[in-house]
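Peer 1: Got a predicted structure plus its sequence, pasted below:
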Amino acid sequence: MEKPTLLIVEDDADISNMLKMFFERDYDVETAMGGREALDKTRSLMPSLIILDIMLPDINGYEVCRDLRTHPRTSYIPIIFLTQKDDLSDKLQGLELGADDYITKPFDFSELRLRIKNAIAHAEREIYVDPNSGLPSGRQIEEHLRTVVMDNDWALIDIEVRNLKALNDAYGFLQGNEVLRLMGMTLVDTLNKVGTLDDFAGHAGSAIFIVITKEHLAPVIAEHLRTAFIKKAHTFYNFIDRDQGFVQLSGGEKAPLIDLAIGIVSPNTHEFSDIREIIELAAEERRKNIA
């Protein structure tokens, strides 16, 4: 399994390098020197946790935290403030903004390691972040859907990674997990390119993903995602399988390569009475589009 990703936001190069060296055995560590860089990297990397200084050269850590908590795609990412500001009022302000923890400098590396581990575990347990895709799932999806259904301008995109079982059978489950990870990354990248900061992406379970976006953006997002994902996903097959367009399984069966089935629903295309019916209707639309 891939290592979780840490984003260290610290403008002191010595401290940033020390943190990177200490944690890179257990995590994929990325760094940012300022607040705006931190926002850009968070939206592209979707880290498992952010270590955030308050005193930054452009926008301060409070503003970074407030921005990340405002947008659906980044609202669930754990944030630990690591700062020299040790007044109680500073700590309360950070926690009120939605930070998961607040540690003052100087700090103990072993204690910080434990707090990071606990914060990531808590996010996975309480928010149900899928460990393969890195996207929120379960309750988080339903809660976000409840916040948008009061509006008329939204759409839900239901996406299935098809033929994943055949890839697992032929190449092993680790390869299949990498495909799910690729799907999560491609989904985030697609929303960064053709979506908005208010779009929400989730992993509904197994090989099913969802996007909640504005209605007019849904077809654009779906087409961009399909093109980008399939091109990358087919690189997980060997040359022979890619060339022939199928996998020869041990029983002699010919299984198609990875593909996407996509269904879209909105208040203007479907009638529904509750959240679960929206999800069921989207799944029906997706099944209609299976070739």
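Peer 2: Nice, thanks for sending it over.
Peer 1: average pLDDT for the biggest helix by length in the chain?
Peer 2: If you go by DSSP state H, the chain has its longest helix at helix 173-194. On average, the pLDDT along helix 173-194 is 95.
Peer 1: contacts for that helix?
Peer 2: For helix 173-194, the external contacting residues (C-beta atoms under 8 Å, 6 or more residues apart in numbering) are 1-2, 43-44, 46, 73, 130, 132-135, 159, 161, 164, 167-168, 199, 201, 203, 207, 209, 211, 213, 217, 220-221, 224-225, 228-229, 232-233, 236, 258. C-beta here means a position set from N, CA and C on the backbone, and glycine is covered the same way.
Peer 1: Buried only: go through those for me.
Peer 2: Burial by neighbour count, 16 or more other C-beta atoms under 10 Å: within these this picks out 43, 46, 73, 130, 132-135, 159, 161, 164, 167, 199, 201, 203, 207, 209, 211, 213, 217, 221, 224-225, 228-229, 233, 236, 258.
Peer 1: Which residue ranges of this structure form helices?
Peer 2: Going by DSSP H, the chain shows helices at 13-23, 35-45, 61-70, 88-96, 109-126, 139-148, 164-171, 173-194, 218-233, 239-244, 275-288.
Peer 1: Using CSV, write out every CA atom in the fourth one.
Peer 2: Think helix 88-96. Output of helix 88-96 as CSV, limited to C-alpha atoms (Å, rounded to 0.1, in the frame of the first residue of the first chain):
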residue,chain,number,x,y,z
LEU,A,88,-4.2,30.4,24.6
SER,A,89,-6.1,32.8,22.4
ASP,A,90,-4.0,31.7,19.4
LYS,A,91,-4.6,28.1,20.1
LEU,A,92,-8.3,28.6,20.5
GLN,A,93,-8.5,30.5,17.2
GLY,A,94,-6.8,27.7,15.4
LEU,A,95,-9.1,25.0,16.9
GLU,A,96,-12.2,27.1,16.2
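Peer 1: so that helix versus helix 61-70, what angle?
Peer 2: On the basis of axes from the mean of the first three to the mean of the last three C-alpha atoms, to 10 degrees, helix 88-96 is oriented at 20 degrees to helix 61-70.
Peer 1: Now helix 88-96: buried residues?
Peer 2: Quick answer for helix 88-96 (16+ other C-beta under 10 Å): 90, 91, 93, 94.
Peer 1: what about the first one, distance to residue 84?
Peer 2: I take that to be residue 90. From residue 90 across to residue 84, the span is 10 Å (C-beta to C-beta, to the nearest Å).
Peer 1: still on that earlier bit, just the closest of the buried residues of helix 88-96 to residue 107, please.
Peer 2: Using C-beta to C-beta, residue 91 is the member of those that lies nearest residue 107, at 13.7 Å.
Peer 1: got a list of what the closest residue to the closest one other than its chain neighbours touches?
Peer 2: Closest residue to residue 91 apart from its sequence neighbours, by C-beta to C-beta, 6 or more residues apart in numbering: residue 102 at 4.7 Å. By C-beta under 8 Å, 6+ apart, the residues touching residue 102 are 80, 81, 83, 91, 94, 95.
Peer 1: Give me the below-cutoff pLDDT ranges for the stretch 151-291 of the chain.
Peer 2: Along the stretch 151-291 of the chain, segments meeting pLDDT under 70 span 291.
Peer 1: Next, give phi and psi for the nearest residue to residue 71 once chain neighbours are set aside.
Peer 2: Of all residues beyond its chain neighbours, the one nearest residue 71 is residue 197 (4.6 Å), with distances taken as C-beta to C-beta, 6+ apart. Backbone torsions of residue 197, given as degrees, to the nearest 10, read phi -70, psi -20.
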